[in-house]
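**Q** Kindly return the folded structure for what I paste below:
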Amino acid sequence: MNIRKITSLTMIISFVLCILTSVILYIIPHGRIAYWSHWQLWGLSKTQWSELHLNLGILLLLAGFLHVYYNWKPITAYLKNKSKQMKVFTVNFNIALILTLIACLGTYFQIPPMSTIINISESIKDAASIKYGEPPYGHAELSSLKKFVKKADLDLSKSITLLRQASIRFENETQTINDIAKENNLTPKQVYEIIKPSTQKKDNEGHGEKAW
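**A** Model (predicted):
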């Protein structure tokens, strides 16, 4: 067993997987859309992909520290000038630092091509909102049925009737939309589509009388 080789290979593998999870998080729908539609890719949800990316990043970071430790001499050699004297701000280091600052400042001030990369991601996410649909409000799936119908301007008794007619299993109106969806192998969006016809009708008769 060679710790140095294990460290380098772990860093390479976690780096490749971090690239993969970064690409997926780049195209993944916004949270409100992903949770509302139970979005998944290769059997993993948005939350699971985010957690995987986080832990792979930590593994990469730890392997990176060990890699620096085992390769300290070659790394310090990069920071020496032609006279073999240690100098942090060498030409190579300065170029690397400038490139990093350009990426950071370009992102902060929304300057191309950094802003272009962000805009492409937003376009992909916006397309997902059209495909999967928007919830009535943020994290609507976490609301109880009673709270949901109130905020979505639906009639509670009619909603319950519609759910029962559709053979949807649920305990009572205090159960969340997300739990009802999971119990019936549906998405919160599909549960909403079932009770959506229970929209409360606006009383327009008074307006009609005024018009006369």
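**Q** residues of stretch 118-136 that come out buried?
**A** Taking 16 or more other CB atoms under 10 Å as the neighbour-count basis, stretch 118-136 is seen to contain the buried residues Lys125, Ala128, Ser129, Tyr132, Pro135. C-beta coordinates here come from the backbone N, C-alpha and C atoms, glycine included.
**Q** got it, and stretch 144-161?
**A** Buried positions in stretch 144-161, judged by neighbour count with 16+ other CB under 10 Å: Ser144, Leu145, Phe148, Val149, Ala152, Leu154, Asp155, Leu156, Ser159, Ile160.
**Q** Now for these: which two are most distant?
**A** The most widely separated members of those, counting by CB to CB, are Ser144 and Asp155 (15.5 Å).
**Q** Lys46 and Gln190: what is the separation?
**A** Counting by CB to CB, to the nearest Å, the gap between Lys46 and Gln190 amounts to 18 Å.
**Q** repeat for Met1
**A** Met1 is 52 Å from Gln190, by CB to CB.
**Q** and those two? which has more neighbours close in?
**A** Relative neighbour count places Gln190 above the other of Met1 and Gln190, with 15 against 4, counting by other CB atoms under 10 Å.
**Q** what's the closest non-adjacent residue to that one?
**A** Using CB to CB, 6 or more residues apart in numbering and skipping residues adjacent in sequence, the residue nearest Gln190 is Ala181, 6.8 Å away.
**Q** Remind me what the helix or strand harbouring the one you found packs against, helices and strands.
**A** Assigned by DSSP states H and E, Ala181 belongs to helix 177-183. In this structure, helix 177-183 makes packing contacts with helix 145-151, helix 188-195, judged by 3 or more CB pairs under 8 Å, 6 or more residues apart in numbering; DSSP states H and E.
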